[in-house]
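Engineer: My questions concern the predicted model and sequence given below.
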Amino acid sequence: MSDGAAPGGIQRWAVKIEYDGTPFFGWQRQKNGLSVQELLEDAAARVAGGRVVPSITAGRTDARVHASGQVAHLDFPAELPLVERAVREGISFHMKPHPVAVLAAARVPLTWNARFSAVKRRYCYRILNRPARPALDVNRVWHVKFPMDLGAMREAAGHLLGTHDFTSFRATSCQAKHAVRTLERFEIVREGEVIAFYVEARSFLHHQVRNLVGTIQLVGCGKWSPERVRVALEARDRKEGGPTAPAEGLYLTTVDYDPDPFGGPESGV
């Protein structure tokens, strides 16, 4: 991989980030509150001696949505003598005490883009399925106290796998040009008192995962049949889909690239 130097005077760095989305107004900069992007760019600017360092992310998470493997790229001035450890630890240090940390950093070519170079995105949605409300996992799960039928939910999820028009399961404000997406994985497992939904695709529509989970939850609680999910999908009408699941249960877990910029041994430690 080339060093990412540019005639225009910038060097590009990929960073892998985890954060608790609870205190943020989402990823994107906002006028009315703190965002993850603002925090990241401000910290990167401090590493860069006060110069502006813009970012692009693999996926714009909403307010209260978490990430264990978010990816972004940052464009630093080319003349800065940066190494991986300094980028990773310097940015993390300047984001304290907020619940955001850089897990890895790698210099990448300017042709590499955190959003457009991604080949797959993975999300996990967590439902705490027990009568008692959460104490340790408050703001990190959706609490559903009624018993849920795992088999029925898995049957419903089967209707959603593959390539479909997901109009019924995207936000009405979604700005994507079309609603056709390929859902490569929709696995539902019980992990103790938690029901976890693992979803994979190259890209997702706005609120798609939360709308899918909100709909499947109706099946689990016996309010919908699995077949009704197929009917809602084929209707291509958001009014026919189920509710949007709460943001706090959703995690962006992984963004895949080929090659993986974080896959090699670290240099410049």
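Structural biologist: Structure's in. What do you need?
Engineer: Can you get me a residue count around Tyr257?
Structural biologist: The number of residues packed near Tyr257 is 19, by other Cβ atoms under 10 Å. Backbone N, C-alpha and C define where each C-beta goes, glycine included.
Engineer: so what's the backbone phi/psi at it?
Structural biologist: Main-chain dihedrals, Tyr257, degrees, to the nearest 10: phi -140, psi 160.
Engineer: Spit out the contact partners of it.
Structural biologist: 71, 117-119 (Cβ atoms under 8 Å, 6 or more residues apart in numbering).
Engineer: For it, give me the pLDDT.
Structural biologist: Tyr257 carries a pLDDT score of 97 in this model.
Engineer: who's in contact with the helix or strand Arg154 falls within?
Structural biologist: Per DSSP states H and E: Arg154 is located in helix 150-158. Helix 150-158 is contacted from outside by 186-188, 190, 195, 215-217, 219-220, 222, 224-226, 229-230, using Cβ under 8 Å, 6+ apart.
Engineer: Show the buried residues in these.
Structural biologist: 186, 188, 195, 215-217, 219-220, 224, 226, 229-230 (16 or more other Cβ atoms under 10 Å).
Engineer: returning to what we had before: buried residues in the helix holding Arg154, which are they?
Structural biologist: 152-157.
Engineer: just stretch 172-183 next, same as before
Structural biologist: 174, 179, 181, 183.
Engineer: Which single one of the residues you listed is nearest to Met148?
Structural biologist: Leu183 (20.7 Å; Cβ to Cβ).
Engineer: quick one: contacts for that closest one?
Structural biologist: Leu183 neighbours (Cβ under 8 Å, 6+ apart): 160-164, 166, 199-201.
Engineer: Now, those residues that are in strands?
Structural biologist: Residues of the contacts of Leu183 located in strands (DSSP state E): 162-164, 199-201.
Engineer: just the buried members of those?
Structural biologist: 164, 199-201.
Engineer: For the residues you listed, give me JSON lines that also has pLDDT and distance to Lys16.
Structural biologist: Shown next, in JSON lines, are those (pLDDT from 0 to 100; distance: Cβ to Cβ, whole Å):
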{"residue": "His164", "pLDDT": "98", "distance to Lys16": "30"}
{"residue": "Val199", "pLDDT": "98", "distance to Lys16": "20"}
{"residue": "Glu200", "pLDDT": "98", "distance to Lys16": "18"}
{"residue": "Ala201", "pLDDT": "98", "distance to Lys16": "20"}
